[in-house]
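Asker: with the sequence up front, the predicted model follows.
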Amino acid sequence: MSPWSGNVTLPWHEPTLPDVPISAIEHFSYCPRQCALIHVEQTFEENVYTVRGRLAHQRVDSGETENRPDVQTLRNLSLWSERFGLRGRSDLVELHPGRPPFPVEYKVGRRRPPHADLQLCAQALCLEEMLDVEISEGAIYSHAERRRYLIAIDQELRQQTLGIVKEIREQLRRQVLPPAIDDERCPPCSLIHACLPQVAAQPHRLRGMQGALFRPLTPLNQDA
Ligand code: SF4
């Protein structure tokens, strides 16, 4: 049975609108402002979490193909969907004999649903279109937990994913920076110094600082 059962309508992506990077889905799900800082303003800063993530991904991203007796693994595979306007890469796709491709997303930290689940679902949507298959499951591997979570690519997750894709596309089209959330998600965020959430979340304080920033300097000879 098609994974798109029921009265789901699937319009094709309008090609004049921006494609959505698959990586933006997890960023937006975590914090829409983080997504805009990265994908609209091209801001990137390292912290301990991004360095750990980069090191953990080095082997995964090597692009090497691994053959075990019962499974072929493809790493760092390019993915795209014309239908949904998506592009990106997969960490890992497993090819088991007689079964659809099985995407696996690696996370250095603990699994924090639904962020990575949505990203995994977008990968599955791309693979379905690229290979003309139906994918019902994939996995999130948490390096911190040394655990693989089996994720159902069901209708609810698909709808949730496409809803976020639509919001990201609108953010990319409008090039807007949303307000800061300024909650428990901020301290571990690598962009906290670029974002300044405690300032950005208080518009009156921000307006005061902006006023001081552009106040003209006193001419040097005024007191002479
Ligand atoms: S510091 Fe907070 S508000 Fe700013 S981008 Fe990160 S999570 Fe979002």
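Answerer: Perfect, thanks for sending it.

Asker: tell me how far stretch 118-135 lies from the chain's centre.
Answerer: Distance of stretch 118-135 from its chain centroid, counting by CA atoms, centre = their mean, to the nearest Å, is 15 Å.

Asker: same question for stretch 136-154.
Answerer: In terms of CA atoms, centre = their mean, the centre of stretch 136-154 is found 16 Å from the chain centre.

Asker: first-to-last residue distance for that stretch?
Answerer: Terminal residues of stretch 136-154 lie 7 Å apart, using CA to CA, to the nearest Å.

Asker: can you list the buried residues in that stretch?
Answerer: 138-143, 149, 151, 153 (16 or more other CB atoms under 10 Å). Using the backbone N, CA and C atoms, a C-beta is placed for each residue, glycine as well.

Asker: is the residue lying closest to residue 21 once chain neighbours are set aside in a helix, a strand, or coil?
Answerer: Excluding the flanking residues, the one nearest residue 21 by CB to CB, 6 or more residues apart in numbering is residue 88, at 5.5 Å. The local conformation at residue 88, judged by DSSP: H, G, I helix; E, B strand; the rest coil, is strand.

Asker: residue contacts, residue 88?
Answerer: Taking CB atoms under 8 Å, 6 or more residues apart in numbering, we find residue 88 in contact with 21-23, 79-80, 122-123, 126.

Asker: with residue 199 instead?
Answerer: When contacts are counted by CB under 8 Å, 6+ apart, residue 199 touches 205-206, 209.

Asker: how about the secondary structure of it?
Answerer: Residue 199 - assigned by three-state DSSP - is helix.

Asker: cool, and residue 149?
Answerer: Following three-state DSSP, the label given to residue 149 is strand.

Asker: and for residue 93?
Answerer: strand.

Asker: my guess is it meets residue 74, correct?
Answerer: Yes - the pair residue 93 and residue 74 qualifies as a contact (CB atoms under 8 Å) at a distance of 4.6 Å.

Asker: more neighbours: those two, which one.
Answerer: residue 93 (22 against 16; other CB atoms under 10 Å).

Asker: so who does that one touch?
Answerer: 73-74, 77, 101-104, 127 are the contacts of residue 93 under CB under 8 Å, 6+ apart.

Asker: for those, give me CSV that also has secondary structure and distance to residue 51.
Answerer: Below are the contacts of residue 93 laid out as CSV (DSSP: H, G, I helix; E, B strand; the rest coil; distance: CB to CB, whole Å):
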residue, secondary structure, distance to residue 51
73, strand, 25
74, strand, 26
77, strand, 24
101, coil, 31
102, strand, 29
103, strand, 25
104, strand, 22
127, helix, 30
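
Asker: okay if I get those as JSON lines plus pLDDT and distance to the ligand?
Answerer: Output for these, formatted as JSON lines (pLDDT from 0 to 100; distance: CB to the nearest ligand atom, whole Å):
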{"residue": "73", "pLDDT": "93", "distance to the ligand": "33"}
{"residue": "74", "pLDDT": "93", "distance to the ligand": "32"}
{"residue": "77", "pLDDT": "94", "distance to the ligand": "29"}
{"residue": "101", "pLDDT": "97", "distance to the ligand": "33"}
{"residue": "102", "pLDDT": "98", "distance to the ligand": "31"}
{"residue": "103", "pLDDT": "98", "distance to the ligand": "26"}
{"residue": "104", "pLDDT": "97", "distance to the ligand": "26"}
{"residue": "127", "pLDDT": "97", "distance to the ligand": "30"}
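
Asker: from the residues you listed, which would you call buried?
Answerer: Buried, going by 16+ other CB under 10 Å: 73-74, 77, 101-104, 127, out of the contacts of residue 93.
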